[in-house]
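*Asks:* got a structure for you, letters missing:
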């Protein structure tokens, strides 16, 4: 009996060191807990609230994962970031999990163990993470049993009838050091290389803002356009991605067309006025689906009316 008690104590002590969130169940709580005799660890935390992007460094981004499946699937969904799957979280239904990561193109991996069919399915998708912004991703399995990753807006999450709570137990091995170059200006990039032989792999970002219901490039964007063009010349092997966006006022289809027109307007200027090769430039409109700020204020709506210009390695753009 003493041996069993000593062994159980050793196991519980080890789990405390690994999970970092184990507590003694002295006081009953409404939080969801998994019990091991008289010990427990918290599996659910606070209800979801909009994260503060202002606390992110200029080369950091954030990703928030939500799992929302109507059938309450018991399938095990594991999340990984990058080729090494450094972020690991077995996300439970109606929960969310988040991680701060370096800006740039990142690969999101999900690995799903289908309980009733005793099989594992995987799915990967690349996303471009802009500096000091958050991307919201819904993950899970479809009714047909296929894994999926679906980008949603902050408003979609806030307006959802479901209330998501933080998943408290997870392992996050994402490095807190981001040595990539993001949000650069021309003076910084000139110190790197004039032949695109530098070791900088991260995309380079520039943001151009627009007036309401307008496709005209504002005078204040001229300097930024020059930086986009000069950076593209500085890295001749890179492509330029132009992503158009709008605020949430007006019909969604109209905003989708408007966002494409904004991206095309910037593309035409880069080609006709700055002489960039049209084959290096891709433009796409996302309408109101990818806000970077709250839509309840004029400042937030202004920040959402934008074109994000990304100078990116061509293999990352494909």
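*Replies:* That came through, no problem. Given the structure is predicted, the values throughout are model-derived calculations rather than measurements.
*Asks:* rest of the way, CA atoms for contacts and neighbours
*Replies:* Noted.
*Asks:* can you list the weak-confidence ranges in the protein?
*Replies:* 1-44, 70-75, 82-85, 113-120, 175-202, 313-318 (pLDDT under 70).
*Asks:* May I see the buried residues of the longest helix seen in it?
*Replies:* Longest helix in the chain by number of residues (criterion: DSSP state H): helix 252-272. For helix 252-272, a neighbour-count test (16 or more other Cα atoms under 10 Å) marks 252, 255-267, 270-271 as buried.
*Asks:* Please name every helix or strand in contact with that helix.
*Replies:* When contacts are defined as 3 or more Cα pairs under 8 Å, 6 or more residues apart in numbering; DSSP states H and E, helix 252-272 sits against strand 238-245, strand 281-285, strand 306-313.
*Asks:* Check the ones you listed for me and report the most buried one.
*Replies:* Using mean count of other Cα atoms under 10 Å, the stretch among the helices and strands packed on helix 252-272 with the greatest mean number of neighbours is strand 238-245 (a mean of 26).
*Asks:* ok, that one: who's next to it in the sheet?
*Replies:* When pairs are called by DSSP bridges, strand 238-245 turns out to pair with strand 281-285 (parallel), strand 306-313 (antiparallel).
*Asks:* To residue 135, which of these lies closest?
*Replies:* Shortest distance between residue 135 and those, using Cα to Cα, is found for strand 306-313: 14.6 Å.
*Asks:* and the direction of that closest one versus that of helix 252-272, what angle?
*Replies:* Relative orientation of strand 306-313 with respect to helix 252-272: 50 degrees, computed using axes from the mean of the first three to the mean of the last three Cα atoms, to 10 degrees.
*Asks:* Show me what strand 306-313 is in contact with.
*Replies:* With Cα atoms under 8 Å, 6 or more residues apart in numbering as the test, strand 306-313 has contacts from 201-210, 228, 231-232, 237-246, 262-263, 266.
*Asks:* rewinding a little: mind giving me a markdown table with the strands paired with strand 238-245 and columns for distance to residue 95?
*Replies:* Formatted as a markdown table, the strands paired with strand 238-245 follow (distance: least, Cα to Cα, whole Å):
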| stretch | distance to residue 95 |
| --- | --- |
| strand 281-285 | 31 |
| strand 306-313 | 31 |
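*Asks:* Any idea which of those strands gets closest to residue 80?
*Replies:* With respect to residue 80, and counting by Cα to Cα, the nearest of the strands paired with strand 238-245 is strand 306-313 at 22.8 Å.
*Asks:* coming back round to it: figure out which of the strands paired with strand 238-245 is closest to residue 275.
*Replies:* When the strands paired with strand 238-245 are compared by Cα to Cα, strand 281-285 sits nearest residue 275, at 11.5 Å.
*Asks:* List the buried residues in stretch 92-103.
*Replies:* Residues of stretch 92-103 classed as buried by neighbour count (16+ other Cα under 10 Å): 92-98, 100-103.
*Asks:* ok, which stretches of the stretch 51-200 of the chain are helices?
*Replies:* Counting by DSSP state H, counting those that start in this stretch, the stretch 51-200 of the chain forms helices over residues 154-158, 186-190, given from the N-terminal end onward.
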